[in-house]
Structure formats: structure tokens, C-alpha cells
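**Student:** the following block contains a protein sequence and its predicted model.
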Amino acid sequence: MAEERTFGISQLAREFEITPRALRFYEDKGLLSPRRDGLNRVYSHKDRAKLQLIVRGKRVGLSLVEIKELLDLYKVDQRAQAQVALKRFNARIIALEQQRRHVDEAIDALRKSVRQLEDFLSKPATPAAMGAARAFEKEAKKRLEEAH
């Protein structure tokens, strides 16, 4: 029987661009179960595959509870796991599309405000506004000097 390929904590941390602390956290939460070789954690090929699913799940916004449920379902019934994953992924797509709409609306509102401010600033200031600006600057300078 060929020896199974194993991975160290630093190796997986580098590969998945996460910290060793994150790996230990996933272990504490029951998502990973590396075997021990003295004080060292030894991750199997299955642990690596689970970590890949954990990282992907986190990237798309699944909670650790949802990720654990998917990992646990894999052991019981892969079809049930696929059905639950499909439901979760579709829900995340809907939520992310709604977030994107909100972000797009915020960007549009900011662009409108920028255009209005640029239009306002492109016009010459009135003498009264210039006087008020100089007075404000003088008062601000005075307060700054008094603070130091």
C-alpha cells in the first residue's frame, strides 16, 4: 500500500494563503482533524480537500456552521450535501446580487454629488465668499497656534 501524502501546517497555510492560527481555529471548531506526530499536526489529503472547501465557503460568505454542516453531510449522504450546498449557494447569490445593487446605487449617488460639487467649484467665488473663507482660515490658524 502506497504511503498517503501528508501536509504540515505551514505548508497548507502557505498554499491557501491563511495563517496557521486559522488552521488551528478550524481544528478547534471541528472542521479539521489532523493526526498528531508528537507536537506536530499532520494533515491528510482528505484534510487538505476539506480545507479547500472551508476556504471557498468562507470566500463566498458561508458561516462556519454552514460549512461544518456541508462537511458533515458529505460523510452521511453526498446527494443531500449537494442539495443543501445548492440551496445555500443560491441564497448567497441572491444576497450578493442585492448587495451589488446597493453598492451600485451608492456609487451612482456619489458620482452625482461629485458632479454637483465640481460644477459648484468650477464657478468663481463671490467676493463675500472669498472674505468668509479668509476669515475662516485666519481663525483656524489662530486656534491651531493656541493648541500648540
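**Tutor:** Great, that's in hand. Numbering: from 1, shown residues only.
**Student:** make sure Ser33 is indeed in a helix.
**Tutor:** No - counting by DSSP: H, G, I helix; E, B strand; the rest coil, one finds Ser33 to be coil, located in no helix.
**Student:** average pLDDT across the host helix or strand of Arg79?
**Tutor:** Element membership for Arg79 (DSSP states H and E) is helix 78-122. When pLDDT is averaged over helix 78-122, the result is 95.
**Student:** relative to Lys58, how far out is Lys68?
**Tutor:** Lys68 is 12 Å from Lys58, where distance means CB to CB, to the nearest Å. All C-beta atoms are positioned from the backbone trio N, CA, C, and that covers glycine.
**Student:** helix/strand/coil for Val42?
**Tutor:** Of the three states, Val42 takes strand according to three-state DSSP.
**Student:** and the residue nearest the centre of this structure?
**Tutor:** Among the residues of the chain, Arg59 comes closest to the average C-alpha position under CA atoms, centre = their mean, at 6.6 Å.
**Student:** ok now the helix or strand harbouring Arg21, how far from the chain's centre?
**Tutor:** Element membership of Arg21 [criterion: DSSP H and E] is helix 20-28. The chain centre lies 17 Å from the centre of helix 20-28; the measure is CA atoms, centre = their mean, to the nearest Å.
**Student:** how about that helix: buried residues?
**Tutor:** For helix 20-28, burial by neighbour count (16 or more other CB atoms under 10 Å) applies to Ala22, Leu23, Tyr26, Glu27.
**Student:** contacting residues around stretch 13-29?
**Tutor:** 7, 9-10, 12, 32-34, 41, 51-52, 54-55, 64, 68 (CB atoms under 8 Å, 6 or more residues apart in numbering).
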